[in-house]
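Undergrad: turn this into a model:
(one chain, ligands or ions: 2)
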Amino acid sequence: MADPITVSVELGNRSYPIFIGSDLLTERELFTPYIKGSQVCIISNDVVAPLYLEKLKAVLTGFELKEFILPDGEAEKTLDNIAHIYDALLSDRFERNVTLIALGGGVIGDMAGFVAATYLRGVNFIQVPTSLLAQVDSSVGGKTGVNRPLGKNMVGAFYQPQCVVADTNTLNTLPNKELSAGLAEVIKYGLINNLEFFNWLEANIVNLTQRNKDSLVHAIKTSCEEKAKIVTADEKETGIRATLNLGHTFGHAIEAAMGYGSWLHGEAVAIGMLMAADLSWRLGKLNIEDVASIKALLKVAGLPVVPPESITKSEYLSLMSRDKKNVKGSIRFVLLEKIGKALLTADVDSNLLEQTLQAGRTMGETS
Ligand code: NAD
Ligand code: GLY
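TA: Ligands and ions are numbered 1, 2, ... in the order given. Below you'll find the model as predicted:
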């Protein structure tokens, strides 16, 4: 095997590697050093398991293996399903030395991570992200959890994996719409902290949508490096980590209002980032040309650039008022001072916010 690219998440004695490369699912030595005992349970879903479960099981010979396969979809990210996994592990007498392996996209990763954080008060887990979004974002940094009807990811824990194995070959089977959803989070890193990467993305976005391997590896590696830096600086989100939520204040409201699963998380984040850019412009921070460039990049990435028309202003405000970043009831926004520099603020004129909520397809346009 060619050595995988390794990005480290530095968190003292909880530091861990992210391995990035092709065909890593067949590399036993990427897994075994991170498996503590003899019991392993792979958690996946009924879309990903038929594609990759046997391959993964083949490198884990010698372990007592169990699998738990959930139905696919964001709507399955529930406490009920978490309880089903606990019960299955308990009934098969899986002990504290068990290692859980999350094989799937962000939904599986967040849920398996939450089970790992809580089963028998905490067991080891490994992330094997198979969607682009999971490879660039959700598998890294230890946020785990589930949705509640009143808000996304409202119940969970910070709990870091032992390692992340991102096999880029798994992206070959990812539907185009899901690839685009992952690109939204990739673009996010350029917007919040890395102008050079944003410029690279503008030049390479078509290669990425066409799944050029080298471009994808560069995008995944850079995204993981950006995220690892932020997580190292602020693991539990007391400050700078909140900037990773660019687009999420609007995006989570859209996901909840439209019904989980109806808009992909990445699609909601994309339009949320454009709304954040529009609001930044209205507040006199970003210039309109930058808002237009963001809109153009999202569009070429295959992402929506018009918010759903059915959500009313008051629905947005009510859902956003429950955002996890809020302090003392005021909505805290991640905005852009410029491309490559995020800004966290609660100081937003409500008239300007309303203008953004009503801008619809005119975002990024002056008239
Ligand atoms: P997802 O897990 O639903 O995966 C998207 C779809 O692609 C699903 O249908 C899945 O079965 C399918 N899929 C995954 N890998 C595939 C493959 N290789 N081939 C074919 N199909 C494949 O969604 P997602 O976009 O991966 O993740 C979104 C979730 O991640 C949301 O719940 C979001 O809240 C969460 N998230 C968490 C964090 C974090 O820091 N923990 C960050 C961002 C997003
Ligand atoms: N996706 C946001 C975070 O990990 O903090």
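
Undergrad: at the contact with ligand 1, which residues of the chain appear?
TA: 45, 47-48, 51, 72, 74, 77, 104-108, 110, 130-131, 133-134, 137-138, 141, 143, 152-153, 170, 173-174, 178, 181, 265-266 (C-beta under 6 Å from any ligand atom). All C-beta atoms are positioned from the backbone trio N, CA, C, and that covers glycine.

Undergrad: okay, and which of those residues map to helices?
TA: Leu51, Gly106, Val107, Ile108, Asp110, Leu133, Glu178, Ala181, His265, Gly266 (DSSP state H).

Undergrad: circling back to that earlier point, so which of the residues of the chain next to ligand 1 also contact ligand 2?
TA: With C-beta under 6 Å from any ligand atom as the criterion, these include Asp137, Gly141, Lys143 near ligand 2.

Undergrad: closest to Leu319 out of those residues?
TA: Lys143 (19.6 Å; C-beta to C-beta).

Undergrad: ok, and the most crowded of the ones next to ligand 2 among the residues of the chain next to ligand 1?
TA: Among these, the one with the most neighbours (other C-beta atoms under 10 Å) is Asp137, at 28 neighbours.

Undergrad: go ahead and confirm it touches Ile220.
TA: No. Taking C-beta atoms under 8 Å as the definition, Asp137 is not a contact partner of Ile220, at 10.0 Å.

Undergrad: low pLDDT regions in this protein?
TA: Along the chain, segments meeting pLDDT under 70 span 1-2, 367.

Undergrad: so which residues of it form strands?
TA: Here the chain has its strands, by DSSP state E, at 5-9, 16-21, 39-45, 64-70, 99-104, 124-129, 143-148, 151-158, 163-167, 333-338, 341-345.

Undergrad: what is the third one packed up against?
TA: When contacts are defined as 3 or more C-beta pairs under 8 Å, 6 or more residues apart in numbering; DSSP states H and E, strand 39-45 sits against helix 49-58, strand 64-70, strand 99-104, helix 106-118.

Undergrad: ok, which of those comes nearest Ala83?
TA: With C-beta to C-beta as the criterion, Ala83 lies closest to helix 106-118 of the helices and strands packed on strand 39-45, at 9.6 Å.

Undergrad: and for that closest one, what are the contacting residues?
TA: For helix 106-118, contacts defined as C-beta atoms under 8 Å, 6 or more residues apart in numbering pick out 43-45, 48, 70, 73-74, 76-77, 81-82, 85-86, 89, 100-102, 122-125, 127, 129, 131, 133-134, 137-139, 142-146, 153, 156-157, 159, 161, 265.

Undergrad: tell me the contacts of the residue of the stretch 101-250 of the chain found nearest ligand 2?
TA: Relative to ligand 2, the nearest point of the stretch 101-250 of the chain is Leu244 (3.8 Å; C-beta to the nearest ligand atom). Contact partners of Leu244, counting by C-beta under 8 Å, 6+ apart, are Asp137, Gly141, Lys188, Ile192, Lys227, Ile230.

Undergrad: let's see 10 Å
TA: Contacts of Leu244 were listed using C-beta atoms under 10 Å, 6 or more residues apart in numbering, and they are 137, 141, 143, 185, 188-189, 192-193, 226-227, 230-231, 234, 237, 334, 342.

Undergrad: equivalent analysis for Tyr119, please.
TA: Shown in contact with Tyr119 (C-beta under 10 Å, 6+ apart): Cys41, Ile82, Ile85, Tyr86, Leu89, Leu90, Phe94, Arg96, Val98, Leu100, Phe125.

Undergrad: what does the stretch 151-300 of the chain put close to ligand 2?
TA: For the stretch 151-300 of the chain, the contact set with ligand 2 under C-beta under 6 Å from any ligand atom comprises Arg241, Leu244, Asn245.

Undergrad: the first one: what's it in contact with?
TA: Contacts for Arg241 (C-beta under 10 Å, 6+ apart) come out as Gly141, Lys143, Phe158, Lys227, Ile230, Val231, Thr232, Ala233, Asp234, Glu235.

Undergrad: out of these, the closest to Leu357 would be?
TA: Nearest to Leu357 among these: Lys143, at 26.8 Å, using C-beta to C-beta.

Undergrad: doesn't Pro161 make contact with the closest one?
TA: No. Contact status for Lys143 versus Pro161: not in contact, 11.2 Å apart, counting by C-beta atoms under 10 Å.

Undergrad: for Pro4, see how far away the residue of the stretch 101-250 of the chain closest to ligand 2 is.
TA: With distances taken as C-beta to C-beta, to the nearest Å, Leu244 is found 24 Å from Pro4.

Undergrad: okay, stretch 200-219 in PDB with CA atoms only?
TA: In PDB, the C-alpha atoms belonging to stretch 200-219 read as follows (Å, rounded to 0.1, in the frame of the first residue of the first chain):
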ATOM      1  CA  TRP A 200      -8.000  27.000  -5.100                       C
ATOM      2  CA  LEU A 201     -11.600  25.800  -4.900                       C
ATOM      3  CA  GLU A 202     -12.800  28.400  -7.400                       C
ATOM      4  CA  ALA A 203     -10.100  27.100  -9.800                       C
ATOM      5  CA  ASN A 204     -10.800  23.400  -9.100                       C
ATOM      6  CA  ILE A 205     -14.500  23.100  -8.400                       C
ATOM      7  CA  VAL A 206     -15.300  21.400 -11.800                       C
ATOM      8  CA  ASN A 207     -12.500  18.800 -11.200                       C
ATOM      9  CA  LEU A 208     -14.100  18.200  -7.800                       C
ATOM     10  CA  THR A 209     -17.600  17.700  -9.200                       C
ATOM     11  CA  GLN A 210     -16.000  15.400 -11.800                       C
ATOM     12  CA  ARG A 211     -14.400  13.400  -8.900                       C
ATOM     13  CA  ASN A 212     -10.800  14.000 -10.000                       C
ATOM     14  CA  LYS A 213      -8.900  11.900  -7.400                       C
ATOM     15  CA  ASP A 214      -6.000  14.300  -6.800                       C
ATOM     16  CA  SER A 215      -8.300  17.200  -6.400                       C
ATOM     17  CA  LEU A 216     -10.500  15.300  -3.900                       C
ATOM     18  CA  VAL A 217      -7.500  14.200  -1.900                       C
ATOM     19  CA  HIS A 218      -6.200  17.800  -1.700                       C
ATOM     20  CA  ALA A 219      -9.700  19.100  -0.700                       C
END
